[in-house]
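Peer 1: Using only what follows, build the 3D model:
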Amino acid sequence: MNIILSSYGCHPNRGSESGVGWNWLFELSKYNKVWVIFYKGQGQYEAVSKAVDILPQKENIHLVPLDVSFLFRIKKLFRLRYEIWQIKAYFNAKKIIRLNKIDLIHQVTIASWWFTGYYYLLKKPIVWGPISGGQSIPKQLYSFLRKRDIFYEILRKIIVFIFLRISFSLKQNIKKSRLIFVANEATELQIKRLFKSTNCIRMIEIGAKCICMNKLKYFEENRLKILWSGLLIPRKNFGLLLKSLEKLPHEMNWELKVAGGGRMLNYLKERTLKTKINSKITFLDNISYSKMTELYEWADIFVFPSLREASGTVILEAMSHGVPVIALDLNGAKNIIDPSCGILIDTTNSQQIIDDFSKAIIKLYENPQLRLDMGNKARKKVEENFLWEIRGKIMQKYYETIKRNNLIV
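Peer 2: Numbers count the residues shown, from 1 in each chain. Reported below is the predicted structural model:
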C-alpha cells in the first residue's frame with residue numbers, strides 16, 4: 001500500500017512524540033511505501049535522513065520535511081508554528097496525491113485531538129491516532145496543586161468543553177476518519193458521547209523498541225534505588241512523591257534520582273532542601289534519551305505519580321528494563337500496569353494516596369524477590385503487548401481490513 005504518514009514529531013533518538021513518530025515510520029515502512037511529512041527543525045531532518053539511509057526498507061520511505069519561518073520557531077509560539085506547519089502539510093499531501101496513487105493518510109503526531117490538521121479536505125481515507133486529550137485531573141486530587149495550577153486545570157476543562165462543541169476541524173476529522181485510535185478511556189468516551197462515533201479503537205499511543213536483557217538485576221541488600229523520570233511540572237505531581245518519601249521509616253536505606261527538567265525544577269530543589277531527606281535525593285536535570293538506559297539499569301523501582309497523562313512513555317521504558325512501577329490508578333497508567341508487574345495506587349483522597357504510595361515503596365523495599373518477580377513480569381508484558389514491532393503488525397492488519405472492505409478510494 002501507499003500511505004502518507006503525517007508525523008510532525010519524528011526523531012530516531014528521542015522519546016515522547018518524536019520517538020512515537022519515528023517508530024511508526026520504521027514499522028509501517030516494512031510493509032508499505034510511506035511518504036512521511038514531518039517538521040524539519042529541531043534537528044529532526046538530519047537525524048531522520050541519517051537513520052533512514054541505513055534501513056533495509058529505505059526504498060519504501062520518501063521524506064517530506066517541512067519548515068516554517070524563523071519568526072515562529074520560538075517555544076512560546078509552538079501552537080501557531082504547528083498550525084502553519086499543518087497548512088503546509090495539507091498542500092504537500094495534496095501534491096503527493098496528485099502525483100502518486102495514495103491509499104490512505106495516517107496522522108500519528110501530534111497525538112492529541114487539539115491538533116487536527118486539514119487532511120479531511122482531501123478525498124482519501126484517514127486513519128487518526130492514537131490520540132488523547134480527554135484525560136483530566138480528578139477534583140479530589142486538586143490538593144496536590146498550587147492555587148494557580150488549580151486555576152489552570154479548571155480553565156483547561158472549560159476550554160476542552162467549548163473546543164469539543166465548536167471545533168469544525170475536529171468534527172470533520174472525526175467524521176471522515178475511517179478509524180480513530182484513542183489512547184485512553186476518557187478520550188474514547190468523550191468522542192463516542194459527543195460525536196456518536198463507532199469507529200474508535202483503544203490503543204495506547206506509545207510503545208517500546210526492545211526488551212533489555214543485557215544483564216540480570218542485582219539488588220544491594222537493605223538498600224532501595226528509586227527512579228523518577230519526566231518533566232518537573234505541576235501535573236507530574238513530584239510533591240506527592242516527596243511527601244510519601246518523608247513518611248518512610250528513618251532507618252530505611254533508600255536513594256532517589258530525579259531525571260528531568262522543567263519550570264518547577266528550582267522550586268522543587270528548594271522545597272527538597274527544606275526537608276530532612278534532602279541528602280537522599282539527587283536532581284540530575286535533563287538526561288539524554290540514550291543515557292536513560294543506565295538509569296533504568298540502576299533502578300530497583302520506578303515511581304510515576306502523575307495526575308494527568310495520556311499513557312506515559314517512561315512507564316514502558318522502565319518495564320522494558322525489568323523495573324516495577326508504582327503509579328496512580330489513573331488514565332493510561334491503569335491500562336499498562338497490573339498487579340503482577342507494579343502497584344497502582346487508589347485515588348480516593350490526597351492523604352490516603354500519600355500513605356498508600358509510601359506503603360508501596362516500603363513493601364517493595366522489604367521484598368527484593370517481589371521486586372525481581374514484578375520486574376520480570378513487567379518485561380514480559382511489554383514483550384507480549386507493547387513492542388513497536390507488534391504494534392506495526394497490528395496497524396498493518398487494520399490497513400488491510402480497510403482495503404478489503406473497499407474503504408479505500
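Peer 1: So R178 belongs to a strand, correct?
Peer 2: Yes. R178: assigned to a strand according to DSSP: H, G, I helix; E, B strand; the rest coil.
Peer 1: That one and S197, how far apart?
Peer 2: Computed as C-beta to C-beta, to the nearest Å, the R178 to S197 distance reads 11 Å. Every C-beta, even on glycine, is put in place using the N, C-alpha and C of the backbone.
Peer 1: next one: N331
Peer 2: 20 Å.
Peer 1: and the longest helix for this structure?
Peer 2: Criterion DSSP state H: the longest helix present in the chain is helix 78-99.
Peer 1: which helices and strands sit right next to that one?
Peer 2: Contacting helix 78-99 under the criterion 3 or more C-beta pairs under 8 Å, 6 or more residues apart in numbering; DSSP states H and E are the following elements: strand 2-7, strand 33-39, strand 61-66.
Peer 1: Just put those in JSON lines and tack on distance to S290.
Peer 2: Listed next are the helices and strands packed on helix 78-99 as JSON lines, based on distance: least, C-beta to C-beta, whole Å:
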{"stretch": "strand 2-7", "distance to S290": "21"}
{"stretch": "strand 33-39", "distance to S290": "21"}
{"stretch": "strand 61-66", "distance to S290": "23"}
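Peer 1: Throw these into CSV and include mean neighbour count, mean pLDDT and distance to G19, thanks.
Peer 2: As requested, the helices and strands packed on helix 78-99 are exported to CSV (neighbours: other C-beta atoms under 10 Å; pLDDT from 0 to 100; distance: least, C-beta to C-beta, whole Å):
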stretch, mean neighbour count, mean pLDDT, distance to G19
strand 2-7, 24, 97, 11
strand 33-39, 24, 97, 13
strand 61-66, 18, 97, 17
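Peer 1: out of those, which comes closest to V323?
Peer 2: strand 2-7 (28.7 Å; C-beta to C-beta).
Peer 1: Run the angle between the next helix or strand after the closest one and strand 33-39 for me.
Peer 2: Downstream of strand 2-7, the next assigned helix or strand under DSSP states H and E is helix 16-28. On the basis of axes from the mean of the first three to the mean of the last three C-alpha atoms, to 10 degrees, helix 16-28 is oriented at 170 degrees to strand 33-39.
Peer 1: Please tell me how far E46 sits from V52.
Peer 2: Distance of E46 to V52, given as C-beta to C-beta: 11 Å.
Peer 1: With E366 instead?
Peer 2: Counting by C-beta to C-beta, the gap from E366 to V52 is 49 Å.
Peer 1: Check V36 too.
Peer 2: 9 Å.
Peer 1: ok, now L141?
Peer 2: Plainly put, L141 is 43 Å away from V52 if you go by C-beta to C-beta.
Peer 1: before we move on, back to that, what about R178 and S197, which has more around it?
Peer 2: R178 (20 against 15; other C-beta atoms under 10 Å).
Peer 1: Show me the helices in the stretch 201-350 of the chain, by range?
Peer 2: Per DSSP state H, counting those that start in this stretch, the stretch 201-350 of the chain carries helices over the ranges 238-246, 265-273, 292-298, 313-320, 333-336, 350-366.
Peer 1: dump the residue contacts of E205.
Peer 2: Applying C-beta atoms under 8 Å, 6 or more residues apart in numbering, we find E205 in contact with V20, A111, G129, P130, I131, S132, F181, A183, A310, S311.
Peer 1: isn't I61 right next to N32, touching?
Peer 2: No. If you go by C-beta atoms under 8 Å, I61 and N32 don't touch, sitting 9.7 Å apart.
Peer 1: Which one's more surrounded, E366 and V52?
Peer 2: V52 (20 against 12).
Peer 1: Y31 - how many residues pack around it?
Peer 2: 17.
Peer 1: Skip the chain neighbours and tell me the closest residue to it.
Peer 2: Excluding its sequence neighbours, the residue lying closest to Y31 (C-beta to C-beta, 6 or more residues apart in numbering) is Q396, at 4.9 Å.
Peer 1: was I right about that neighbour contacting L28?
Peer 2: Yes. Between Q396 and L28 there is a contact under C-beta under 8 Å: 7.1 Å.
Peer 1: of those two, who's got more company?
Peer 2: A direct count of neighbours by other C-beta under 10 Å for Q396 and L28 places L28 higher, at 25 against 16.
Peer 1: wait, what's in contact with that one?
Peer 2: By C-beta under 8 Å, 6+ apart, the neighbours of L28 are I3, L5, V34, H106, G392, M395, Q396.
Peer 1: Taking helix 78-99 as reference, get the angle to the strand or helix carrying the fourth one.
Peer 2: Here H106 sits within strand 104-109, counting by DSSP H and E. Interaxial angle, strand 104-109 versus helix 78-99 (the same axes, to 10 degrees): 160 degrees.
Peer 1: Contacts for stretch 277-288, please.
Peer 2: With contacts defined as C-beta under 8 Å, 6+ apart, stretch 277-288 is touched by 229, 245-246, 248, 254-261, 265, 268-269, 272, 295.
Peer 1: start to end distance for that stretch?
Peer 2: In terms of C-alpha to C-alpha, to the nearest Å, the two terminal residues of stretch 277-288 are separated by 27 Å.
Peer 1: List the buried residues of it.
Peer 2: K280, I281, F283, I287 (16 or more other C-beta atoms under 10 Å).
Peer 1: can you map out the strands along the stretch 251-400 of the chain?
Peer 2: For the stretch 251-400 of the chain, strands defined by DSSP state E, counting those that start in this stretch occupy the ranges 254-259, 281-285, 301-304, 325-328, 342-345.
Peer 1: Now render these as CSV, adding distance to S136.
Peer 2: Compiled in CSV, these are given as follows (distance: least, C-beta to C-beta, whole Å):
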stretch, distance to S136
strand 254-259, 25
strand 281-285, 29
strand 301-304, 18
strand 325-328, 13
strand 342-345, 18
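Peer 1: quick one: which of those strands is nearest I158?
Peer 2: Among the strands of the stretch 251-400 of the chain, strand 325-328 comes nearest to I158, with 23.8 Å by C-beta to C-beta.
Peer 1: what packs against that closest one?
Peer 2: Under the contact definition 3+ C-beta pairs under 8 Å, 6+ apart, strand 325-328 sits against strand 301-304, helix 313-320, strand 342-345, helix 350-366.
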